[in-house]
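Asker: Here is my input, please return the structure:
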Amino acid sequence: YISDKETSNMSASPDGGQYSGLSDQSSEIPCSGGESSKHVSTNEVKSRAVVKYCAAPPPTSYALLQEQTDLKLPPANWLRENPQLGSAGTTVLGSSSKSKPFSSFGMAYDFIDNIGDDVDVVSDSENIKKLLKIPYSKSHVSMAVHRVGRTLLLDELDIQELFMRSSQTGDWTWLKEFYQRLIDQKWQRKKKSKEHWYQKAILSKFLYYSINGDAAAERLPDNEGEEESGAEEFSPSWPATFPSTPSDSEESANISVDSLFAIDQVTAIPKGQNVPMLFNEGESSQGLRNDFVRNIMWTFEDIHMLVGSNMPIFGGGRYPAVSLRLRDNNKPINILTGIDYWLDNLMCNVPELVMCFHVNGIVQKYEMIKTEDIPDLDNSTFSTRVVKDIAQNILSFLKSNCTKEGHTYWLFKASGSDIVKLYDLTTLCEEAEEEKYQNPFTLPVAVLLYKVASNMMLKARQNRKHYGTVRTLLLNCVKLLDQERHPQIIASAHYMLSELFQLDEPPEADSDGSLRAGSEDSYSDEEEGEEEEEEELAEDDSDTSSSDAAGDSKAIAVIRSVGELSVPEKYKSTHQIRPSYAFPVSQDKEERCRHVLSYVLEGLKAVDGSIKKESDLPAADPNTPIPLKYEERVAPVEKAGKVLGSIPIHATRSGIIPGTWQHRIKQQLFLKASKAYYVLSDAATNLLKYGRALRYIKLALQCHDAYCAVSSVLPPRVLLFHTECLSLCGDIQLMLAQNANNRAAYLEEYSYQTKEDQEILHSLHRESGCQAFNMATDLATDPEYQLIVSSKCYEASYELLTAEVVKEQGAQQLGQVLKRLGNIRNEMGVFYMNQAAAVQTEKEGRSSVSVPEQELWKKSFACFEKGMQDFHAIEDQTNTALLLCNTGRLMRICAQAHCALSTDQSRGEFSPEEALYYNKAIDYYLRAMKALATRGSHPLVWDSVTWELSTTYFTLATLLQDYAPLSRKAQQQIEQEVTDAMMKSLRYCDLQTESARQPLYQYRAATIHHRLASMYHSCFRNQVGDEHVRKQHRSLAELHYSKAVRLFLSLRDAPCELLRTLLERVAFAEFTMAGQSSSGAKLKSLTAALEVMMDTRHAFQLIHKELTPPCKTLYHQITCIWVIRQRLLSRATSNQRIRSVYV
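Answerer: So this is what the prediction gives:
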């Protein structure tokens, strides 16, 4: 053993505490929930023990009895409860070796954080000792083994008690028959001998004498001052039966009710769900409690065990911690007793053993033995290394064969036999067609699986690699339970299973980058590998087993001889235990959501099945008074009242009372289903399956409707999620309105419904009519109605987000909803605007504006105005500019509707109403440009606005020019307005920037120059009087003609416009020549006209490429040249010099 000084610097304990070594001065065993550890090692074994919990007071010195003290006489304090002795103070059996049923479950419930991964074995220390003594003992061994993750739970399975109860109740008759047929055909209950009870009695009396209960007893001298100081050090108040560390309590205080996956944390035995009693009522009632005086985390070599011990420990003075034993002086210590004493001291950190020898109950002497010397005592010598090998072999054997969670395994060795057999009682029960609830371990195992999964779920929030483990635990938990008897656990487990699937985030790969599907109740990499390993193991066992063992086909594994357990590494765990089980994660969102919905449906079925209908209740007997249990009836209501505040409690539509577990679980299941359907709808929207998307969002909103029906107050997170559902519903309705051509396909998708969806909907209808959102989720045939519905969805979402309850949490979401609102109002404005344009097209010559047309304008304008307000609220200047641009377009449509027609249906003069609306359109376009500020903010929108503004100016100028309002304005005024409008239009023609619109800008600019040139040409022809003005018009006409020709020449698709401009320019030259008097000036003008004619070659080449056949093109070209030549010759003077030019 290492010295006590070396134990003072131990590393931190697994659960965060510090190991404190035992020194010579203070070797007391810590109490009141404290922790202590001691690392004991020799050249053969290593041992470390951490006291996790201690209910006993600080150790006190034992009373040294005088020689010849008669232990057959009871002391004055005999059988009085004493915490120093623990459970030994309440029974004449003293330190009983008999374990209580389900004792390992009680410890597992208290130390749930260590179950599943950190601990290999949980059991009573007596069971551990019994297992490690198997090769040395001929006595029988009967233990129940259960697996939870990596942890094995061991409990004594008293066959005699079991079969005694079977004869009374009829339960487990199949096991009794099986036992009698294959194991002990002549079984009968064995009675305890009188000697056994005699030894127990004097041991109990000896312990009471030793705690100084008798005045005649002599006490060892010690330092009272040291004892008092030690008592003060370990004198805090004793903890409750189930203590929790401060860190645990602080952590639990920070966890909200909604984050507790169990909704109601399922206790060891849920109220109203009783474990079938295996033993008598008194024992069964204590079966799931941790009744041990101390719980110890014992590490023996590489085996981590959580053990419970009731061994009395004494101390004080020179002996800080000792165990006290009573031995018959006439009987030497055998090897079994030595191992027993040695293991007890190792588990409890006791460095010394005090033995009191007696003869026929008369005290003879005391002897003190160090723990490290126990293996070398006379007549009880044993090898600690062999004990270590036995422990490792037994653990490997059990872990290799006890592979299925939820199954009850039976480890059995008959008295006097060397064969150890392992049976799967769960499988045998199924073969015997017995109901699984007849197995008394079913509910404790299921509850433990559930609690471990729940605990891991809370810790796995930030580490999803444990999700596979949680899923395996929960699925096995559900398999064990009957839905009619344990609906609460089943419903909670299914809700937790649904929570494992993250619907709003992409799946994450494991550490090795792979995502694999795992088995539900196995721990190997693959199920096939597990089966092969089991077959190989069975073959190996059959080869090495005895003839009796080979004949027992019911055993799943056999140790043919207990001597094999002493062979180092004889049994190696062939079953690979994975620390984190693969979790089946699919990349497909729809598949993940379907998993969630399947679990939600099972949870809803469990809840609905637990609600008793009025017809299911037993009829009242009119002759029997109904007991009024006021206190019991009021308590649940008061509890529910505290949860719901001052809100009156009313049963829901299905009869659920608020505050009950059904109420809380159903709320969470409805909400989870709503989220799953929302994700399905969003995925279908991304796939452009809008009919399917509308069906899913309808189910999501129906789940929300049912949630509201069973909820008095909606928490902010639920309201925020509801706004997301409404927004998505609005998106889908908008997409349906924009894709009306595929309505038949969408209707088919919308009408389809799976059986799972129908069953969930049936459960929803138990709580609500689910009609609140029918209008929002109907598949209409009218696009206008769909747009209105979309707008209403966004408006409802906006109203929720602006409520005080969620105003702070929904700030970011509010911006998205406002953007959607602005967009839908833009869409509605465009829809009404297009309808107005269609009405205008169908007027068939009517000049007046109809009332429906005006109503459409008003609706469109109102939508645009509201949309601009929405975008302005979130400072979205780009979309504000787009709506201003659309409003400008609406003004142009209004202007076109006010076009004046004459009596012969021809176009009249440009009206003032037209000018008014065109100017309004220009104003909106200018506001749009002001909102954008520069082209760099959003080039595409900027180019669109400038193009529309240029078009508006051009249209205004064209109408003024072609349909001049000469009845209202002077010609010069009109010409000036035309010039101004044309120049403004030209200003917004971006000829420098390379873009898709550059050819359009060039054509627009060329047309503007052509029109201006034509106008100045006309003014030049018709102007009489002021010669200065005529010269100005002539120069302006020449300037614009030249610019127009240059721009048309740069275009490849406007030969006709080019040819027309050139001909007008020739005519302009001819008219100029007609007004000239000198021959030189005329010659110059005609020469210029001829040069213009030569420029027509480019236009004819373009026409030549477009027309076929070539001969036709050539003929047309020659004809055009001949016509031009004849026109020039006809206008020539008689001057021979000029004529010779053409001849």
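
Asker: which stretches of the stretch 701-850 of the chain aren't confidently modelled?
Answerer: 844-847 (pLDDT under 70).

Asker: do the stretch 451-600 of the chain as well
Answerer: 460-465, 504-552, 573-587.

Asker: again, only using 90
Answerer: Low-confidence segments of the stretch 451-600 of the chain, defined by pLDDT under 90: 451-486, 488, 499-592.

Asker: What is the neighbour count of Met828?
Answerer: 24 (other Cβ atoms under 10 Å). C-betas here are computed from N, CA, C, even on glycine.

Asker: tell me the SS of it?
Answerer: The local conformation at Met828, judged by DSSP: H, G, I helix; E, B strand; the rest coil, is helix.

Asker: Verify the contact between it and Phe864 for me.
Answerer: No - in this structure, Met828 is not within contact of Phe864 by Cβ atoms under 8 Å, at 9.0 Å.

Asker: How far off centre is stretch 747-765?
Answerer: 23 Å (Cα atoms, centre = their mean, to the nearest Å).

Asker: how far away is the spatially most central residue of the chain from Cys593?
Answerer: Nearest residue to the geometric centre of the chain (Cα atoms, centre = their mean): Gln502, 2.9 Å. Using Cβ to Cβ, to the nearest Å, Gln502 is found at 11 Å from Cys593.

Asker: do the same with His872
Answerer: In terms of Cβ to Cβ, His872 sits 38 Å off from Cys593.

Asker: So which of these two has more stuff around it?
Answerer: More crowded of His872 and Cys593, by other Cβ under 10 Å: Cys593, with 24 against 16.

Asker: State the number of residues packed around the nearest residue to that one once chain neighbours are set aside.
Answerer: Closest residue to Cys593 apart from its sequence neighbours, by Cβ to Cβ, 6 or more residues apart in numbering: Ala676 at 4.4 Å. Ala676 has 29 neighbours, counted by other Cβ under 10 Å.

Asker: Ala676 is in contact with Leu601, isn't it?
Answerer: No - Ala676 lies out of contact with Leu601 (Cβ under 8 Å); the separation is 10.6 Å.

Asker: check contacts around Phe292.
Answerer: Counting by Cβ atoms under 8 Å, 6 or more residues apart in numbering, Phe292 touches Ala55, Gly86, Ser103, Met107, Asp124, Gly308, Ser309, Asn310.

Asker: State the distance from Lys72 to Asn329.
Answerer: Taking Cβ to Cβ, one finds Lys72 at 15 Å from Asn329.

Asker: more crowded one of those two?
Answerer: Asn329 (15 against 12).

Asker: Not counting sequence-adjacent ones, nearest residue to that one?
Answerer: Phe357 (4.2 Å).

Asker: Bridge partners for that neighbour, pull those for me.
Answerer: According to DSSP bridges, the partner residues bridging Phe357 are Arg327, Lys365.

Asker: Do a quick rundown of the strands in the stretch 301-450 of the chain.
Answerer: Per DSSP state E, counting those that start in this stretch, the stretch 301-450 of the chain carries strands over the ranges 303-309, 313-314, 322-328, 352-359, 362-370, 409-413, 420-424.

Asker: Please work out which of the ones you listed is packed deepest.
Answerer: strand 313-314 (a mean of 26; mean count of other Cβ atoms under 10 Å).

Asker: what sits up against it?
Answerer: 29, 56, 59-62, 210, 321-324, 348, 350, 354.

Asker: Go again with 7 Å.
Answerer: The set of residues external to strand 313-314 that reach it, using Cβ atoms under 7 Å, 6 or more residues apart in numbering, is Ile29, Pro59, Thr60, Ser61, Tyr62, Ala321, Val322, Ser323, Leu324, Cys348, Val350.

Asker: Please apply the same query to stretch 765-777.
Answerer: 608, 652-654, 694, 697-698, 701-702, 705-706, 709-710, 729, 764, 789, 792-793.

Asker: rerun that using 8 Å as the cut-off
Answerer: 608, 652-654, 656, 666, 670, 694, 697-698, 701-702, 704-706, 708-710, 726, 729, 733, 761, 764, 789, 792-793.

Asker: And stretch 741-752, by the same measure?
Answerer: Contacts of stretch 741-752 (Cβ under 8 Å, 6+ apart): Lys689, Tyr690, Gly691, Arg692, Leu694, Arg695, Leu736, Asn739, Leu779, Thr781.

Asker: Now render those as a markdown table, adding neighbour count, secondary structure and distance to Ile974.
Answerer: Formatted as a markdown table, the contacts of stretch 741-752 follow (neighbours: other Cβ atoms under 10 Å; DSSP: H, G, I helix; E, B strand; the rest coil; distance: Cβ to Cβ, whole Å):
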| residue | neighbour count | secondary structure | distance to Ile974 |
| --- | --- | --- | --- |
| Lys689 | 18 | coil | 58 |
| Tyr690 | 27 | helix | 53 |
| Gly691 | 22 | helix | 57 |
| Arg692 | 23 | helix | 61 |
| Leu694 | 26 | helix | 57 |
| Arg695 | 25 | helix | 62 |
| Leu736 | 25 | helix | 50 |
| Asn739 | 14 | coil | 48 |
| Leu779 | 19 | coil | 56 |
| Thr781 | 10 | coil | 51 |
